[in-house]
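Q: Predicted model, plus sequence, below.
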Amino acid sequence: MNRGEDGVLEPRLRLGEVVARGAASGAGAALCVVVAAFVFQKHDDRVDFLEATSFLGLLTGTVFLLIGLFFWACSFGEVLRWRDFLTTTSPHDVVSIAAPSLVRAGVFLLVPVPVAFGLGELVASAAGGSWLWGT
């Protein structure tokens, strides 16, 4: 990467690359959710944790992703990295910096949602006394 005429790192960020990085981080978060679910020994606590993770991840991930995509559209392809913060010339350029961060955070939060929801359904429907049910 090198800096262009205006001091901004080139090439500019692309939406697909930002989403892919968020999804890769989200896959790691999904693994952490699975491990954390089995830390809870009681069945009700385990189910509540998985339901809360599903709901909060879906809610905050959707909000972050939609705001990030809106900011991305407002920046007209001039999306900047955090390293380019000092090259901004107006307060409106901050939207170009926040867009990829919000998109990445939104995807990061949305990836573990199906895992937590599916595992929650499995735990809720497991036979009483099984290792999946808990105590």
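A: Now that the structure is in, tell me what you want to look at.
Q: for this protein, what spans make up the strands?
A: 2-3, 9-10 (DSSP state E).
Q: At the geometric centre of the chain, which residue sits there?
A: Phe108 (1.8 Å; Cα atoms, centre = their mean).
Q: Verify the contact between it and Gly26 for me.
A: Yes - judged on Cβ atoms under 8 Å, Phe108 makes contact with Gly26 at a distance of 4.5 Å. C-beta here means a position set from N, CA and C on the backbone, and glycine is covered the same way.
Q: Show me the common contact partners of those two, please.
A: Taking Cβ atoms under 8 Å, 6 or more residues apart in numbering as the criterion, Phe108 and Gly26 do not both touch any residue.
Q: about what we covered before: from Gly16, how far off is the residue nearest to the centre of the chain?
A: According to Cβ to Cβ, to the nearest Å, Phe108 stands 15 Å off from Gly16.
Q: next one: Thr87
A: In terms of Cβ to Cβ, Thr87 sits 24 Å off from Gly16.
Q: Please say which of those two ends up with more neighbours.
A: Taking other Cβ atoms under 10 Å, Thr87 and Gly16 do not tie; Thr87 has more neighbours (16 against 8).
Q: So which bits of stretch 44-64 are buried?
A: By 16 or more other Cβ atoms under 10 Å, the buried positions in stretch 44-64 come out as Arg46, Val47, Phe49, Leu50, Glu51, Thr53, Ser54, Gly57, Leu58, Gly61, Phe64.
Q: same thing with stretch 107-125?
A: So, applying 16+ other Cβ under 10 Å, buried residues of stretch 107-125: 107-113, 115-117, 119-120, 123.
Q: go on, stretch 90-100?
A: Judged by neighbour count (16+ other Cβ under 10 Å), stretch 90-100 contains these buried residues: Asp93, Val95, Ser96, Ile97, Ala98, Ala99, Pro100.
Q: In helices, which of the residues you listed appear?
A: Applying DSSP state H to the buried residues of stretch 90-100, the entries found in helices are Val95, Ser96, Ile97, Ala98, Ala99, Pro100.
Q: which one among those residues gets closest to Cys32?
A: Pro100 (23.1 Å; Cβ to Cβ).
Q: for the closest one, what are its contacts?
A: Leu13, Val18, Gly68, Trp72, Val79, Arg81.
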